[in-house]
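S.K.: next one to model:
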Amino acid sequence: MTANPSYRPQASTEYWQGLVASVDALDLTAEVEHMEIRDTGYATMYGVTLTSLDGYKIFGYLSIPNGNGPFPARYYPSLYGSVVQPILTGWTNRMREKYVTFSLASRGQRKADVPFAADFPDLLTTGIESPDTFVYRGIIGDCYLGLRYLLVHPSVDTSKVIVHGNDAALITTSFSPTVKGLVVQPQLFYRTMELAPKTLSYPLEEINDYLRAHPGKTEKIANTLSFFDLRNFAPNVQAPTLLHAGPTGSLFGPERLGELAEAMPGKVEVFAAENSDYKDGVHIENWIAQASGVGEPILPRAWQTPPI
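M.R.: Numbering: from 1, shown residues only. Below is the predicted model:
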């Protein structure tokens, strides 16, 4: 084994097949609580608790439009951060009028932090010395369980499910041929050992911090991360994909994500961020509206008129 393995399609296959089988065997019975304070005139909000791998309780915000379904759906697997919002920050709440939305808090995040409350920074290196102990094994399992739950919900039109997030979104989508569209912004598990030394920014700076403190464990860390590299999963992503790159020349710029895009068999658009919430948001929302068949994009008021 080299000190810097890239990714391990063959070695990781059994690992992930085992995880998927374990999640598929879990009971989807949920504890559902009406969260009246988050209701609107056009949608009803529920808090959903699911039992994931190792009996861990995870949480999700489930919003269902008022009226007769089934409806298109947006699934937000957990992002890197302690707090999960019902919808992505900056997007309009009006999307809940037309879409079922399901936003997942995986193990360690608030509302899913018993018995494990993750620290930030620290989550990305928790248990990282082995693929079997790495916390992200459980987190990916949680995210896949959330997708399973959403896909059997009677309010969801399973032909119109969009997954939107970071690396966990791509990995989760690779486990399910049902997903209609994927919007993904790589952040954690693409060429990690190569790219982490090129940045001082978190979350990848966690890897640098850990290796400075434990230089003798480089080979173990590289091995674990090789199992999670997005290139392992890209060939199984059938859904049309909007690959949200960083700006040209940045750590995750479009020129670096070309290998990932080429590995996906479905239609892939590589979109370079413009460092503008307005410009990037409008582009993403237009793509989602087309992919989900909703028609007109649902834009926040601030995005409906271009800034001066």
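S.K.: and the closest residue to N275 other than its chain neighbours, how far from A273?
M.R.: In space, not counting the residues next to it along the chain, N275 is nearest to P247; the distance is 5.8 Å by CB to CB, 6 or more residues apart in numbering. (Glycine included, C-beta is placed from N, CA and C.) Separation of P247 from A273 (CB to CB, to the nearest Å) stands at 5 Å.
S.K.: and if you look at N208?
M.R.: 23 Å.
S.K.: which one of those two is surrounded by more residues?
M.R.: A273 (20 against 16; other CB atoms under 10 Å).
S.K.: can I assume the residue nearest to N275 sits in a strand?
M.R.: No: P247 sits outside any strand when classified using DSSP: H, G, I helix; E, B strand; the rest coil, being coil.
S.K.: the strands in the stretch 51-200 of the chain, which residues?
M.R.: Secondary structure of the stretch 51-200 of the chain (DSSP state E, counting those that start in this stretch): strands at 57-65, 71-76, 100-105, 156-165, 181-184.
S.K.: so which of those gets nearest S226?
M.R.: strand 181-184 (19.5 Å; CB to CB).
S.K.: can you tell me the strand partners of that closest one and which way each runs?
M.R.: strand 156-165 (parallel), strand 241-245 (parallel) (DSSP bridges).
S.K.: which one of these has the most crowded surroundings?
M.R.: Among those, strand 241-245 has the highest mean neighbour count (mean count of other CB atoms under 10 Å), at a mean of 24.
S.K.: contacts for it?
M.R.: The contact list for strand 241-245 (CB atoms under 8 Å, 6 or more residues apart in numbering) reads 170, 181-186, 252-254, 256-257, 260-261, 264, 266-273, 280, 284, 287-288, 291.
S.K.: how far off centre is that strand?
M.R.: On the basis of CA atoms, centre = their mean, to the nearest Å, strand 241-245 is displaced by 12 Å from the centre of the chain it belongs to.
S.K.: and the next helix or strand past it?
M.R.: The helix or strand immediately downstream of strand 241-245 is helix 254-263, counting by DSSP states H and E.
S.K.: in its sheet, what does whichever helix or strand comes after that next one sit against?
M.R.: Following helix 254-263 in sequence order, the next helix or strand is strand 268-272 (DSSP H and E). Paired with strand 268-272 in the same sheet, following DSSP bridges, are strand 241-245 (parallel).
S.K.: make TSV out of the strands paired with strand 181-184 and add distance to Y15 and mean pLDDT.
M.R.: Putting those into TSV (distance: least, CB to CB, whole Å; pLDDT from 0 to 100) gives the following:
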stretch	distance to Y15	mean pLDDT
strand 156-165	21	98
strand 241-245	23	98
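S.K.: adding distance to G146, write those out as a markdown table.
M.R.: Output for the strands paired with strand 181-184, formatted as a markdown table (distance: least, CB to CB, whole Å):
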| stretch | distance to G146 |
| --- | --- |
| strand 156-165 | 10 |
| strand 241-245 | 19 |
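S.K.: right, and Q109 touches A118 too?
M.R.: Yes: applying CB atoms under 8 Å, one finds Q109 in contact with A118, separated by 6.5 Å.
S.K.: joint contacts of those two?
M.R.: Any residue near both Q109 and A118 by CB under 8 Å, 6+ apart counts here, and that gives S82.
S.K.: so between these two, which is more surrounded?
M.R.: Counted by other CB under 10 Å, Q109 and A118 do not tie: Q109 has more neighbours, with 25 against 21.
S.K.: hang on, the earlier thing: got a list of what the residue nearest to N275 touches?
M.R.: Contact analysis of P247 by CB under 8 Å, 6+ apart lists G253, A272, A273, E274, N275.
S.K.: can you say which of the residues you listed are buried?
M.R.: Buried positions within the contacts of P247, assessed by neighbour count (16 or more other CB atoms under 10 Å), are G253, A272, A273.
S.K.: for the first one, what are its contacts?
M.R.: I take that to be G253. Contacts of G253 (CB under 8 Å, 6+ apart): A245, G246, P247, A272.
S.K.: dump these to TSV, plus distance to I140.
M.R.: TSV is the format used below for the contacts of G253 (distance: CB to CB, whole Å):
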residue	distance to I140
A245	22
G246	23
P247	28
A272	27
